[in-house]
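1. got a sequence here, can you build the structure:
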Amino acid sequence: MKAKVFVLIAIVAALSIGVACTINIGISDEDVKKAARRASVQTSFHIPVMKAFFATPLAEKEEITRAKMDESVEKRMKEIDEKIKQAIEDERKKQAEDKYESFLTEINEWGYLPVSKGMVPLGTFAPAYAKFPERVLVGTTTEKKEIKEWEKEYEKDVLSVSETANVSPTKAREIISRLRASGYSINKEEISQSSDVKLLWFRAGWDSEYPTELDWKVEVEGTETNIITGYDPRGILIVRWVQDKKRVYVKAGYFDLKAEYREKPDEVKKLEEEIKGLKEEKERLKKELEEKQTQLDQAKDVPKRDIGKATWIDVEFGTVKLERFWRLAQASGIFLGNMRVLKEQRGWLPYRNWRDYEQTINSEMKGVVLTNAHVASYAKMFEVWISKDKEVMWILFPGVPYVRMTKDSDHYGSPAEILSIDQVPVMSMDVDAAIMVTSPIPQYEPNKAVLGNSDKVKEGDPVIMVGNPSGFQKFLTQGVVSNTKYSVLDTLNSARWFKYLKLKERFNWLKNSNFWFDTPIGVGGTSGSGVWALKGSEKGKVVAIHNMGLVQQQSSIASSKDDTEWNPKELTGYGKLSDVARHQFQAFFADYPYQKASYRYSQEEFEKENDTFSEMMQAHSYSISGMNAGIPINYVKRFLQERGLDPDHFGWEPLKEKYWEK
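-> Numbering: from 1, shown residues only. Predicted coordinates for the structure are as follows:
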């Protein structure tokens, strides 16, 4: 019997293997190429760039005088005083505005079980900041009657109205006379027995000729009798006694706060904080002025200037000038399908909400794109580059990321962001992999790529790569695998790479970029490209992700000089220029968003005019001319699975048990 079972298992296993082989063998090379093109996407990043430089050529001494500094500081302090004055005026106007809506928000509550048997607090059904109508009397309909000479039978009513409305007996008699003439009675006894109770609202004041009837009611479940007998403007309805366990229907209303007042903090406190901040800035300006003067007094010769030490006051003095640019960096990615994102999995997008973790793509479903970590880092970087002569500073801000599925996609594509789980971006420089998410496309799900097993690929196996060289989309090249496990650290001249190994992750980056192939492709824009197998059990699957080789980004540059005029003196700041830029860069580009960038200049043209930028680019990047390398996809799968992505959901083979024993 055991032998038969063993044979049966062997047959099933053989059939399974046969089916798997048939599936791969049945895929033509043309089908693999089509699938690879469909799954390949383009990632793009609109990167704000600011250039700071000295307004005058380098001189032996800096011509900074006390008179010039005094003039600049005095001008700035006058501006601050004007802002304080304007802030106070604005706040007074704000406080004078009616913060409540002019209409009543209706309350409809069914099956309410009163806590107090003789009253219904409307605050139970309204927000804490709700305001209830004032000048409301409870009455009932009766026959109209003209009261010519005051009759004694109404004296109790006069006392009741006088106390309720807080008016004199004479005014109370006027109110009662008008009400009786209109067919209303406010007599307590009549109200307690009437089935036609009315709430009369004197909206414009007690002198109103005709009050407004409020369609408010409290009815015991199963009846249609309004049991309201009185009203307190604090939001309390006095009712006839409600028996135990009897539920009621409540219909009433309240004034809601206007939206802008519900969302904002206390306006007075805001004013105090604003004025305090402006006064502190005045003190800081004085202190910085004193420090500058001390430097002038202590030495005849001013030390060689350093743009890295420039402050915002240097911009206001006019000794430092600023220019703005937009850089367009384009790369590649692999579409892995759509997935539901939990609340704990939030997008990291500093540009849209600087220094915060915010989910800006609101849909729970996301389109998932695999790319390189060094590509995704464009969305979160903040780098300050200073030229060797200390004359020019370049500041690169977090870029605005997009994903384009096809060359016919919208000009920008779909907005994207780095997936973040537990407030940590899903990206690793060790394996140069990151997950970006964009708007979901349910119809695109069949085009998703499947991650294979790079351990099953051998040298000499044919592969294809689909990338976006120089921003051209979905270009496909074919070649063979050169080596599956060879790091540049294994070469005889590996010492050339040591200068880049300041961090452990850089070492791991070079160690893990060990999958080599010879699929020739153009310059730039191919980082993040998928490498698909054309042979064997992994045919049609991604076996590596391209990350090294001709990776210098072929970017386009737009200059602010050609697109918009800009006066940075309209902005405020304190301290080092680089710190001001870090915290206020959105204000720097508020009137010059990426939608205005024309991208007329090529990388070469821009660097020709800005040689210090080219110098900085070379210092912060490196390439291996004529060769292509990537990360084996198994390394990437390990990272993604450890970060919480479910292999079964995306259809790729999970890690083997032995991996978890390491």
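2. next, the nearest residue to residue 185 once chain neighbours are set aside: phi, psi?
-> Spatially, and ignoring its direct neighbours in sequence, residue 185 is nearest to residue 142 (4.2 Å; Cβ to Cβ, 6 or more residues apart in numbering). Placement of C-beta: from N, CA and C, glycine included. Phi and psi for residue 142, reported as degrees, to the nearest 10, are phi -150, psi 180.
3. look up how far residue 613 lies from residue 142.
-> 88 Å (Cβ to Cβ, to the nearest Å).
4. next up, the contacts around the residue nearest to residue 185.
-> 180, 183-185, 190 (Cβ atoms under 8 Å, 6 or more residues apart in numbering).
5. which among those gets closest to residue 136?
-> residue 184 (12.7 Å; Cβ to Cβ).
6. with adjacent residues omitted, what lies nearest to the closest one?
-> Residue 184 sits nearest to residue 139 (Cβ to Cβ, 6+ apart), 4.4 Å away.
7. what number of residues lie near that neighbour?
-> Neighbourhood size, residue 139 [other Cβ atoms under 10 Å]: 25.
8. other SSEs contacting the helix or strand encompassing it?
-> For residue 139, the enclosing helix or strand under DSSP states H and E is strand 136-141. With contacts taken as 3 or more Cβ pairs under 8 Å, 6 or more residues apart in numbering; DSSP states H and E, strand 136-141 sits against helix 155-165, helix 169-181, strand 184-185, helix 188-193, strand 197-201, strand 228-232.
9. what's the closest of those to residue 217?
-> Closest approach to residue 217 among the helices and strands packed on strand 136-141 (Cβ to Cβ): strand 228-232, 6.7 Å.
10. list of residues touching that closest one?
-> Contacts of strand 228-232 (Cβ under 8 Å, 6+ apart): 136-138, 188, 191-192, 197, 199, 216-218, 237-240.
11. of those, grab the buried ones for ChimeraX.
-> ChimeraX command restricting these to the buried ones, with burial defined by 16 or more other Cβ atoms under 10 Å:
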select :136,137,138,191,197,199,216,217,218,237,238,239,240
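12. distance check, the spatially closest residue to residue 195 that is not a sequence neighbour against residue 426.
-> Closest residue to residue 195 apart from its sequence neighbours, by Cβ to Cβ, 6+ apart: residue 225 at 4.9 Å. The gap separating residue 225 from residue 426 is 63 Å, by Cβ to Cβ.
13. who has more neighbours out of these two?
-> Set residue 225 next to residue 426 and count neighbours by other Cβ under 10 Å: residue 426 wins out with 24 against 13.
14. can you list the domains in the chain?
-> 29-50+324-661, 54-96+266-323, 100-257 (automatic domain parsing).
15. just these: most buried one?
-> Most buried of these by mean neighbour count (mean count of other Cβ atoms under 10 Å) is domain 29-50+324-661; its value is a mean of 19.
16. that one: end-to-end distance?
-> Taking Cα to Cα, to the nearest Å, the first and last residues of domain 29-50+324-661 lie 38 Å apart.
17. next: stretch 236-245.
-> 20 Å.
18. avg pLDDT for that stretch?
-> Stretch 236-245 comes out with an average pLDDT of 89.
19. contact partners of it?
-> Applying Cβ under 8 Å, 6+ apart, the contact partners of stretch 236-245 are 113-114, 117-122, 138, 192, 216, 218, 220, 227-232, 248, 250, 252.
20. and with 10 Å instead?
-> Residues from elsewhere that reach stretch 236-245 (Cβ atoms under 10 Å, 6 or more residues apart in numbering): 113-114, 116-123, 132, 138, 191-193, 197, 199, 216-221, 225-232, 248, 250, 252.
21. and the helix or strand residue 104 falls within, what's its mean pLDDT?
-> Here residue 104 sits within strand 100-112, counting by DSSP H and E. For strand 100-112, the mean pLDDT works out to 88.
22. now do the next helix or strand after it: which elements does it pack against?
-> Next helix or strand after strand 100-112 toward the C-terminus (DSSP H and E): strand 119-121. When contacts are defined as 3 or more Cβ pairs under 10 Å, 6 or more residues apart in numbering; DSSP states H and E, strand 119-121 packs onto strand 228-232, strand 236-239, strand 248-257.
23. quick check: bridge partners of residue 105?
-> residue 254 (DSSP bridges).
24. does it touch residue 133 like I think?
-> No - counting by Cβ atoms under 10 Å, residue 105 stays clear of residue 133, with 11.5 Å between them.
25. tell me how many other residues surround residue 662.
-> By other Cβ under 10 Å, the residues close to residue 662 number 4.
26. check residue 152 and give its pLDDT.
-> 77.
27. how close does it get to residue 173?
-> 12 Å.
28. equivalent analysis for residue 642, please.
-> From residue 642 over to residue 173 (counting by Cβ to Cβ), the distance is 84 Å.
29. quick check: neighbours shared by residue 105 and residue 133?
-> Common neighbours of residue 105 and residue 133 (Cβ under 10 Å, 6+ apart) are 252-255.
30. by mean pLDDT, which helix or strand of the chain comes out lowest?
-> helix 2-25 (a mean of 38; mean pLDDT, DSSP states H and E).
31. list the helices and strands the next helix-or-strand element following that helix packs on?
-> Where DSSP H and E defines the elements, the next helix or strand beyond helix 2-25 is helix 29-39. Helix 29-39 is packed against strand 320-340, strand 462-467, strand 475-483, strand 530-533, with contacts defined by 3+ Cβ pairs under 10 Å, 6+ apart.
32. picking that back up, mean pLDDT and distance to residue 411 added to the helices and strands packed on strand 136-141, as TSV?
-> Converted to TSV, the helices and strands packed on strand 136-141 look like this (pLDDT from 0 to 100; distance: least, Cβ to Cβ, whole Å):
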stretch	mean pLDDT	distance to residue 411
helix 155-165	86	66
helix 169-181	88	68
strand 184-185	88	67
helix 188-193	85	70
strand 197-201	91	56
strand 228-232	90	61
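33. residue 57 belongs to a helix?
-> No - membership of residue 57 in a helix is not supported by DSSP: H, G, I helix; E, B strand; the rest coil, which gives coil.
34. look at it and report its pLDDT.
-> For residue 57, the predicted pLDDT is 73.
35. and if you look at residue 73?
-> So, for residue 73, pLDDT stands at 68.
36. wait, residue 109 sits on residue 125?
-> Yes - with contact defined as Cβ under 10 Å, residue 109 reaches residue 125; the gap is 5.2 Å.
37. residue 581 contacts residue 393, correct?
-> Yes - proximity of residue 581 to residue 393 meets the contact threshold set by Cβ under 10 Å, at 9.2 Å.
38. quick one: contacts for residue 538?
-> Counted by Cβ under 10 Å, 6+ apart, residue 538 has contacts 24, 450-457, 461, 463, 532, 633, 653.
39. which residues touch residue 368?
-> Here residue 368 is in contact with 333-339, 341, 419, 426, 435-438, 440, 448, 640, 645, 649-650 (Cβ under 10 Å, 6+ apart).
40. and with 6 Å instead?
-> 336-337, 339, 437 (Cβ atoms under 6 Å, 6 or more residues apart in numbering).
41. and which of these is nearest residue 275?
-> residue 437 (42.5 Å).
42. how about that closest one: what's its closest non-neighbour residue?
-> residue 366 (3.8 Å).
43. the one you found is in what secondary structure piece?
-> Going by DSSP H and E, residue 366 is in strand 365-371.
44. got it, and residue 638?
-> helix 633-642.
45. residue 648 and residue 322, how far apart?
-> From residue 648 to residue 322 the distance is 52 Å (Cβ to Cβ).
46. and the pLDDT at the nearest residue to residue 32 once chain neighbours are set aside?
-> Distances taken as Cβ to Cβ, 6+ apart place residue 540 nearest to residue 32, at 4.7 Å, with adjacent residues excluded. Predicted confidence (pLDDT) for residue 540: 95.
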